[in-house]
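Visitor: got a predicted structure here, sequence first:
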Amino acid sequence: MWSETVIDAHGTSDSSSRPATAERHRALLMRFANRLTGDPYRAEDIVQETLLRAWKRPPAAVPVDDDERLLAWLYTVARNLAIDMHRRDRAVPVGALPQQLLSRSGECDLAEQVVDRHVVRKALARLSQEHREVVVRVHLCDRPRDETAREIGISPGTVKSRTHYALRALRRELAA
């Protein structure tokens, strides 16, 4: 295996050449990412992010001269990025209202809107104070989770968890 290990003036090797080694695998990564996504533009984004990660934080467990293990690591990073991208595209922000309440087929009946609001308010009132506060801030006021966490004084993970359980309870309530 050919390696691009750089030796400095003191005779020590520099593993910063790993990005250059990783760059040699760009064509293989492009084919791999293109097969995963089916979109050459997304594949290019994935390859760029993969190589950026190899440059910023090269894998410590992979020896500098082991191209096969480096390529396996790059494939794993690219695959994980493709999965994350797919999940991000597939994820639809779920609000407090079910889709059938949001999109009526051409009808905009004021009476139905009043009833829908009443149903949603009753469902929100049945939530705990913590869950209601998070749902209102994140979904109704359209605030980011991090900002909501700072305002309430809890961690972003707690905001995410409370939002999840609150929306699940709202869906059950609205389905009933």
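Guide: Everything's here; your move.

Visitor: which secondary structure elements does the longest helix along the chain sit against?
Guide: When every helix of the chain is counted residue by residue (DSSP state H), the longest turns out to be helix 67-90. With contacts taken as 3 or more C-beta pairs under 8 Å, 6 or more residues apart in numbering; DSSP states H and E, helix 67-90 sits against helix 18-23, helix 26-37, helix 40-56. All C-beta spots, glycine's among them, are computed from the backbone N, C-alpha and C.

Visitor: enumerate every residue touching the nearest residue to residue 29 once chain neighbours are set aside.
Guide: Spatially, and ignoring its direct neighbours in sequence, residue 29 is nearest to residue 47 (4.7 Å; C-beta to C-beta, 6 or more residues apart in numbering). Residues counted as contacts of residue 47 (C-beta atoms under 8 Å, 6 or more residues apart in numbering) are 26, 29, 30, 33, 78.

Visitor: surely the second one touches residue 74?
Guide: Yes: because the distance of 5.9 Å satisfies C-beta atoms under 8 Å, residue 29 is recorded as touching residue 74.

Visitor: touching both of those two, which residues are there?
Guide: Contacts common to residue 29 and residue 74, judged by C-beta under 8 Å, 6+ apart, are 50, 51.

Visitor: return the helix or strand in the chain with minimum mean pLDDT.
Guide: Comparing every helix and strand of the chain by mean pLDDT, DSSP states H and E singles out strand 6-7 as the least confident one, with a mean of 38.

Visitor: coming back round to it: quick one: buried residues of the longest helix of the chain?
Guide: 67, 70, 71, 73, 74, 75, 77, 78, 81, 82, 85 (16 or more other C-beta atoms under 10 Å).

Visitor: so for it, mean pLDDT?
Guide: On average, the pLDDT along helix 67-90 is 85.

Visitor: by how many degrees do that helix and helix 26-37 diverge?
Guide: Here the directions of helix 67-90 and helix 26-37 differ by 30 degrees (axes from the mean of the first three to the mean of the last three C-alpha atoms, to 10 degrees).

Visitor: can I get helix 67-90 in PDB, CA atoms only?
Guide: Extracted C-alpha coordinates of helix 67-90, given in PDB (Å, rounded to 0.1, in the frame of the first residue of the first chain):
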ATOM      1  CA  ASP A  67      -5.700   2.400   2.900                       C
ATOM      2  CA  GLU A  68      -8.200  -0.400   3.100                       C
ATOM      3  CA  ARG A  69      -9.200   0.400   6.700                       C
ATOM      4  CA  LEU A  70      -9.300   4.100   5.900                       C
ATOM      5  CA  LEU A  71     -11.600   3.500   2.900                       C
ATOM      6  CA  ALA A  72     -13.800   1.400   5.100                       C
ATOM      7  CA  TRP A  73     -14.000   4.200   7.600                       C
ATOM      8  CA  LEU A  74     -14.800   6.700   4.800                       C
ATOM      9  CA  TYR A  75     -17.500   4.500   3.500                       C
ATOM     10  CA  THR A  76     -19.000   4.200   7.000                       C
ATOM     11  CA  VAL A  77     -19.000   8.000   7.400                       C
ATOM     12  CA  ALA A  78     -20.500   8.500   4.000                       C
ATOM     13  CA  ARG A  79     -23.200   5.900   4.600                       C
ATOM     14  CA  ASN A  80     -24.100   7.500   8.000                       C
ATOM     15  CA  LEU A  81     -24.300  10.900   6.400                       C
ATOM     16  CA  ALA A  82     -26.600   9.600   3.600                       C
ATOM     17  CA  ILE A  83     -28.800   8.000   6.300                       C
ATOM     18  CA  ASP A  84     -28.900  11.300   8.300                       C
ATOM     19  CA  MET A  85     -29.700  13.200   5.100                       C
ATOM     20  CA  HIS A  86     -32.500  10.800   4.200                       C
ATOM     21  CA  ARG A  87     -34.000  11.000   7.700                       C
ATOM     22  CA  ARG A  88     -33.800  14.800   7.700                       C
ATOM     23  CA  ASP A  89     -35.600  15.000   4.300                       C
ATOM     24  CA  ARG A  90     -38.200  12.400   5.400                       C
END
